[in-house]
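**Student:** Predicted model follows, preceded by the sequence.
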Amino acid sequence: MNAKAEKKERSHQSILESAARLVREKGISAAGVAEVMKGAALTVGGFYAHFASKDALVDETLRRTGATLRERLFARLDAKAEADRADVVLKRYLCAEHRDGKGPECPFPAVVGEVGTTAPQHRPVLAEQVQALVEGLSQRLPAGGIVPRRMLAIGLIALMYGGLSLSRAVKGTELSDEVLRACRALGVAVAGGGKGERS
C-alpha cells in the first residue's frame with residue numbers, strides 16, 4: 001500500500017471511530033457529517049471521498065460497533081464452562097462501567113429508538129447485527145434448558161439492552177445499580193434453570 005492509500009485508510013478509520021463515538025453517546029441524529037469530521041480532525045469536504053452519504057456511514061458504523069461488541073462479549077468465552085457463559089456475558093454487559101460509557105460499548109441503546117421511529121432506513125443493518133449477536137450467543141449457551149438456546153439468547157439480549165438503557169436513564173440513583181443486579185440475576189436464573197445469580 002502506498003503512502004496516499006495508507007493516509008486515506010487512516011482517515012477512513014478516524015471517521016469511523018468518530019462516528020462510533022457520536023452514535024454511542026448521542027444517537028444517529030447527532031452524528032452529523034460536520035460533527036463526525038470534526039471529531040476525526042478532518043475537513044467536511046473530505047467526507048465524500050470515503051462515504052456516499054451519512055446513511056452509508058451510519059450503516060458501516062453499526063456493522064463495525066456490532067462486531068466489536070461481539071468480540072468483547074465473547075472473548076475467551078469458549079474456555080468457560082457452558083453453564084457459566086450466560087453469567088459471564090451478563091456481567092460483561094450489565095455492569096457499571098458499561099452504563100457509564102466504558103466496557104463493551106454497545107451501540108443499541110443509543111439507536112434502537114431512532115431506528116424504530118425516525119431512522120428506519122437503518123433497520124436492515126440493525127437487524128443484521130442483532131441477528132449476529134443472537135447467533136453468536138445461542139451457539140455458546142448449553143442445550144437442554146427450560147427454553148431453547150435461540151429463544152434464550154434473544155431473551156437475554158433484550159434483557160441486556162433494556163436493563164442497560166433503564167439503568168442509564170436513572171443513573172446517579174441507587175435504583176440504577178439495582179436494575180443492573182436484578183437483570184443479571186433474572187438472566188442467570190433463566191439460563192441456569194432457576195438457580196439464580198452466581199457469586
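**Tutor:** Nice, I can see it.

**Student:** Can you give the distance of stretch 111-131 from its chain's centre?
**Tutor:** Mean C-alpha position of stretch 111-131 versus that of the full chain (Cα atoms, centre = their mean, to the nearest Å) differs by 12 Å.

**Student:** so where's the chain shaky on pLDDT?
**Tutor:** The model of the chain has pLDDT under 70 over residues 194-199.

**Student:** check which helix or strand covers the residue lying closest to Asp100 once chain neighbours are set aside.
**Tutor:** Nearest residue to Asp100 in three dimensions, chain neighbours excluded: Lys171, at 7.5 Å (Cβ to Cβ, 6 or more residues apart in numbering). Where C-beta positions appear, they are placed from N, C-alpha and C, glycine not excepted. Under DSSP states H and E, no helix or strand contains Lys171.

**Student:** How many residues are close by Cys132?
**Tutor:** One thing to correct before we go on: residue 132 is Ala, not Cys. Neighbour count of Ala132, defined by other Cβ atoms under 10 Å: 15.

**Student:** With Leu73 instead?
**Tutor:** Neighbours of Leu73 (other Cβ under 10 Å): 22.

**Student:** what's the offset of the helix or strand where it lies from the middle of its chain?
**Tutor:** Using DSSP H and E, Leu73 maps to helix 54-74. On the basis of Cα atoms, centre = their mean, helix 54-74 sits 8 Å off its chain's mean C-alpha point.

**Student:** Which elements pack onto it?
**Tutor:** On a contact count with 3 or more Cβ pairs under 8 Å, 6 or more residues apart in numbering; DSSP states H and E, helix 54-74 meets helix 3-26, helix 33-39, helix 82-93, helix 123-140.
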